[in-house]
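A.B. asks: any chance you can model this:
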Amino acid sequence: MNAGLAIAITRLWRRWVGRDPARYTLHIEQALASAFYLQAGLAGAALAWWLGAPAWAAAALLTGSWACAFGFAWAVRSGWSQRFAEPMLLSAQAALMLLLGAACYLLLDPYRALVIGPAVLLLAFCMFRLERHSILRLVAWTLACFLGAALMGMRLWPQRFDAWSELLHMGSLLMCILGIGLLGLQMSAVRASLAQERQRLSAALVEIERLARCDTLTGLPNRRQAEEWLRAALGRHQRLGEPLAVALIDLDHFKSINDRFGHAAGDAVLQRLAALSRDTLRRTDLLARWGGEEFLLLMAGAEPLQGLDRLQQAVRENTEPLPFRFSAGWTEAGPLDGPDALLERADAALYRAKAAGRDRCERG
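C.D. replies: So this is what the prediction gives:
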């Protein structure tokens with residue numbers, strides 16, 4: 001019997017928290033808050049009735065707290081509260097519970113001072129989660145609720161609500177909530193600063209990852225990224241039979257360009273080749289800077305030489321910033337080829353293109 005009850009409770013709890021990791025903690029927090037509302041409402045109503053409060057007042061206190069418990073539990077668990085900036089509706093829950101606390105303060109004579117402690121504790125809990133404007137509103141609401149309860153009690157039951165006692169109670173409450181409010185404002189500022197720092201760190205991480213995979217001069221992927229592309233393309237070729245060819249491209253007489261026109265001119269030539277590749281290569285072709293004046297071109301799909309031929313023709317017609325040419329060695333991937341074997345054949349074909357007079361493509 002006990003084992004069956006434990007299993008049923010476990011299943012109910014798992015069903016409540018759900019399977020969404022993003023909302024798991026939210027559901028647990030709301031379940032604990034609702035349990036607190038139920039217990040506080042029951043205890044407050046029983047104590048009010050025992051102290052001689054009208055039955056309707058005790059019933060209203062119990063009904064209000066339980067309505068908060070089930071109402072907010074439904075709003076959070078159903079996802080209805082996700083449309084608001086505070087998915088847990090913390091400000092609204094705290095405001096209603098403080099209103100019920102003020103009602104308890106009015107009804108629990110002569111033990112009404114005991115209500116101040118839980119109210120301060122509730123405010124302290126909220127300070128860890130709320131933003132600056134919500135903190136200010138909640139502090140003002142707390143003062144208004146309890147001050148209103150004290151004034152109503154002094155007007156309705158002056159013999160039970162002594163002015164000096166109420167002044168002492170309100171002064172204590174004011175000092176507590178002002179201190180907690182100031183602490184909450186400082187914590188809100190710290191949270192905002194940490195959030196900005198996290199955003200800066202995230203942006204820096206994205207930039208670092210981009211720089212780790214991108215050649216800063218040409219804007220093309222660097223060798224590290226090219227090696228990952230090559231391994232992935234070979235994997236698709238071996239699994240799916242997708243045609244794949246690889247070309248190594250080397251600028252002709254690049255050292256002479258640097259010597260005659262300067263390294264700035266050489267950099268401009270590299271950038272111009274990258275720009276021409278973006279205009280001429282196919283969408284399935286991927287060009288990366290392999291090192292120095294050497295580039296790696298991955299050509300997937302049928303008729304792999306289309307993009308390479310168009311790029312070479314565009315380079316031959318180009319005159320900006322000065323005329324230049326390139327040689328290339330290319331090869332098609334076989335079913336058992338690895339990256340090293342493929343690159344070795346392309347490199348050997350590139351050497352043959354250089355030896356045959358440059359400005360040409362050779363197959364390996």
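A.B. asks: give me every residue that touches residue 95.
C.D. replies: Going by Cβ atoms under 8 Å, 6 or more residues apart in numbering, residue 95 touches 138, 141. The way it works is simple: take the backbone N, C-alpha and C, and place the C-beta from them, glycine included.
A.B. asks: quick one: it is in a strand?
C.D. replies: No. Going by DSSP: H, G, I helix; E, B strand; the rest coil, the assignment for residue 95 is helix, not a strand.
A.B. asks: longest helix anywhere in this structure?
C.D. replies: helix 163-213 (DSSP state H).
A.B. asks: show me what that one packs onto, helices and strands only.
C.D. replies: Secondary-structure packing of helix 163-213 (3 or more Cβ pairs under 8 Å, 6 or more residues apart in numbering; DSSP states H and E): helix 116-127, helix 132-156, helix 223-240.
A.B. asks: and the gap between the nearest residue to residue 74 once chain neighbours are set aside and residue 36?
C.D. replies: The shortest distance from residue 74 to any non-neighbouring residue, by Cβ to Cβ, 6 or more residues apart in numbering, is to residue 80 (7.5 Å). Per Cβ to Cβ, to the nearest Å, residue 80 is found 21 Å from residue 36.
A.B. asks: please apply the same query to residue 65.
C.D. replies: In terms of Cβ to Cβ, residue 65 sits 9 Å off from residue 36.
A.B. asks: between these two, which one's more packed in?
C.D. replies: More crowded of residue 65 and residue 36, by other Cβ atoms under 10 Å: residue 65, with 25 against 15.
A.B. asks: return the residues in contact with the closest residue to that one other than its chain neighbours.
C.D. replies: Excluding the flanking residues, the one nearest residue 65 by Cβ to Cβ, 6+ apart is residue 41, at 2.4 Å. Contact analysis of residue 41 by Cβ under 8 Å, 6+ apart lists 61-62, 64-66, 68-69, 100.
A.B. asks: quick check: which element contains residue 41?
C.D. replies: For residue 41, the host element (DSSP states H and E) is helix 21-50.
A.B. asks: can you give me the mean pLDDT across the helix or strand just after that helix?
C.D. replies: Counting by DSSP H and E, the element after helix 21-50 in chain order, helix or strand, is helix 55-77. Across helix 55-77, pLDDT averages out at 82.
A.B. asks: for stretch 28-39, same thing?
C.D. replies: Here the average pLDDT along stretch 28-39 is 79.
A.B. asks: also stretch 309-328?
C.D. replies: Averaged across stretch 309-328, the pLDDT comes to 92.
A.B. asks: relative to residue 151, how far out is residue 93?
C.D. replies: Relative to residue 151, residue 93 is positioned 25 Å away (criterion: Cβ to Cβ).
A.B. asks: which one's more surrounded, these two?
C.D. replies: Using other Cβ under 10 Å as the criterion, residue 93 and residue 151 rank with residue 93 on top: 23 against 13.
A.B. asks: relative to residue 78, how far out is the spatially closest residue to the more buried one that is not a sequence neighbour?
C.D. replies: Once flanking residues are discounted, residue 93 sits nearest to residue 72: 5.5 Å by Cβ to Cβ, 6+ apart. Residue 72 sits 11 Å away from residue 78, going by Cβ to Cβ.
A.B. asks: got it, and residue 118?
C.D. replies: Plainly put, residue 118 is 28 Å away from residue 78 if you go by Cβ to Cβ.
A.B. asks: flag the shaky bits of the stretch 151-300 of the chain, pLDDT-wise.
C.D. replies: By pLDDT under 70, the stretch 151-300 of the chain contains no weakly predicted segment.
A.B. asks: any stretches of the stretch 1-150 of the chain with poor pLDDT?
C.D. replies: Residues of the stretch 1-150 of the chain that meet the criterion pLDDT under 70 lie in 1-24.
A.B. asks: tell me how many other residues surround the residue nearest to residue 101 when sequence neighbours are not counted.
C.D. replies: Of all residues not flanking residue 101 in the chain, residue 119 sits nearest, at 4.7 Å (Cβ to Cβ, 6+ apart). By the criterion of other Cβ under 10 Å, residue 119 has 23 neighbours.
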